[in-house]
Every structure is written in C-alpha cells, then in structure tokens.
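[1] coordinates only, sequence not included:
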C-alpha cells in the first residue's frame, strides 16, 4: 500500500533472505556473508526502511535513552554543557530525558528513581560549580559521567574546565602586552574555581619572576564587588597596569569604577574577565577580553564518554578540559593585537 512503512519482513523478502538474516545484516553482525549484507542493505535503502527503535532496544537490551540531571538552577553554566551533550546524543540517535534538581538533594533522588524507572542506558550529572559533588554512581546500575562539577569519587568519570591553566594563560597574555603590575580580584574563596584561578595567577607570575600587585581580593561574583574592589585597589596600589578578574561581572564592575576614577581601559589598565558571558563580555565598553570555558565542547565530550561507558569502556578520573582566551578591547586597543 502506498505510504505504508516498510518492515523488516519487506526487506527480507526483497533481498531474498530470512528475517533473521536480514536482522543480522542490518545490525552489523559478523556472521553474515559480505554479498548477503550488501543485498540486504540495498533492499533497505530501496524501501527507505527505518529500524524500529523499540524493537532494536529489546534485542540489544538498551532503550537508546539517557538522562541529563542538572543542579544549576540559574543555567549560566549548566545550559551550555547540556546543549553540547544533547548535540552528541542527537548525533548518536539517543533520546534525552532532562531533569533539574535545583540544588535539592531530595529532588535529585526523586529524579534518579524516575530515570531508572524509564530504564535509561546512562546518565550525565551536571554540577552547578566546579566543586566536587557527592557521587551517585555506586547506587546506580547504569554508567554515570559527571560534567562541570566532578564526582568526589576518583573512580568515577568527570570532565571539568582546567581553571588553573586558563588563569595562567590569561596572565601570560597580560605579560606579553608588557604589563608588570598585575592584580587579581575574584569571587568567594570557598569555591574551588576561585582557588584554582588564584593558583594559575601565582604560577604565571612566579614563572615571570614577578610579584603580584597587592593581595588577591576575594568577594562575591558581582559587578558591585568589581566596583568596590577597583576603588580599594586603585587607592592601595595606584601603579597597577592590569587586573585579572574571577568572572565577567567583576571585570565589568572594575572597568566602570576605573573609568570613573579617570583610568583608561586598556591604555592605563588592561582588564581580563572569565566565563565569556556574552551578555556582559561583548556589551561592556570596552568589550572584555575573557576566558571561555568551552562548556559546549565539555558537554559533547562528556556525552561521547558516556557512550563509551555504556559500551563497557569507561575512562575513570577527573579529566581537565582546555579553555580559550577570547581577546577583545579591554586588553588591546582597537586594531592592536
């Protein structure tokens, strides 16, 4: 009948083989002769045959579905990771079930039970910060990969941005511009991200044989803190010629306060932010040089490693993903690289 969806029976009939042989050929089994496989595949192409995902899942023991569990209620970091993971799952023809625990441990357990009841083949857990989080893997019969926020169990598979190397890269950029009085303003020091970025600053300056301008100033992740920190730094350390900020909000606030005090950015002070949050980084004046954590790539990589874990090829440990420095006008005047 015209418009009727082709079945594996139709493929087998057209290829002149049994249904079992057609199924083996379509599923890539090795116990089928090459000529027979080619005949089956040609018949499937001619009939525009699409395997039934549910039937295929019953045969393989897999449902071709995965869970994505996030705790990032704001979504600043979780959403890019989820987008990257979803890209990889789509390319692998996997359906995705998304759950948001909103940072609530009870809600997280509820979502985990719901995902298991749907027989997902694996799970990606996306953290709300780079602080290690409690592992859920030991309680689950499926592979789990952690993204952005690593598991506290080194036997698990985790992917995180390399904050130490990224901060080193940012400070080295300032050094190549001839800046020598470099200050550091960041967020709360109970965040691992703040401590890692401070370590990157220390390593870069030590390698250059330079002392940091003043002590690291920790505060909150806000423009208000950036403005306040600028006032303190420019009073205590008036000779600073560069500042590396823990995020783009702090950097934007710093630029604003520096300008109010008659300091030109980047002519007098070069400023680097972090996160490449384009709402701020591209709209600030001048536009911010900043670190991009490549979170979509991190999400795609985590998803690809979940595929491998589902196939029994897990890669345990915390894997640090490279970040990228996006250079804009806050470190180089227009037209100067």
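    That came through fine. The shown structure was predicted, so the numbers you read here are calculated from the model rather than taken from an experiment. Numbering: from 1, shown residues only.

[2] alpha carbons only for contacts and neighbour counts from here, please
    Noted.

[3] for the protein, what spans make up the strands?
    For the chain, the strands defined by DSSP state E occupy 65-70, 95-100, 122-126, 144-147, 157-161, 182-186, 217-218, 242-245, 270-274, 289-292, 317-321, 324-326.

[4] Pick out the shakiest of those strands, pLDDT-wise.
    Sorting the strands of the chain by mean pLDDT places strand 95-100 lowest, at a mean of 88.

[5] so where is this protein shaky, pLDDT-wise?
    Residue ranges of the chain with pLDDT under 70: 1-4, 27-30, 50-62, 73-74, 92, 333-337.

[6] what number of residues lie near residue 196?
    19 (other C-alpha atoms under 10 Å).

[7] Pop out the phi and psi values for residue 129.
    Dihedral pair for residue 129: phi -150, psi 180, per degrees, to the nearest 10.

[8] thinking again about what came up before, switch the strands of the chain over to TSV; also include mean neighbour count and distance to residue 236.
    Converted to TSV, these look like this (neighbours: other C-alpha atoms under 10 Å; distance: least, C-alpha to C-alpha, whole Å):
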stretch	mean neighbour count	distance to residue 236
strand 65-70	24	42
strand 95-100	16	44
strand 122-126	26	40
strand 144-147	30	40
strand 157-161	25	33
strand 182-186	25	11
strand 217-218	20	12
strand 242-245	28	14
strand 270-274	30	18
strand 289-292	25	25
strand 317-321	17	36
strand 324-326	18	29
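
[9] closest one to residue 89 among these?
    Smallest distance to residue 89 across these (C-alpha to C-alpha): 7.1 Å, for strand 95-100.

[10] Compute the inter-axis angle for the closest one and strand 122-126.
    40 degrees (axes from the mean of the first three to the mean of the last three C-alpha atoms, to 10 degrees).

[11] Renumber starting at 10 from here on
    Okay, using 10 as the starting number, the last item reads as strand 104-109.

[12] what does stretch 261-269 contact?
    By C-alpha atoms under 8 Å, 6 or more residues apart in numbering, the residues outside stretch 261-269 that reach it are 231-240, 243, 273-274, 280, 282, 289-290, 293, 297.

[13] Tell me the buried residues in that stretch?
    For stretch 261-269, a neighbour-count test (16 or more other C-alpha atoms under 10 Å) marks 261-267 as buried.

[14] what's the answer for stretch 84-96, then?
    Neighbour counts over stretch 84-96 (16+ other C-alpha under 10 Å) mark 86-96 as buried.

[15] Ok, stretch 180-192 next?
    For stretch 180-192, the neighbour count (16+ other C-alpha under 10 Å) marks 180-184, 188-192 as buried.
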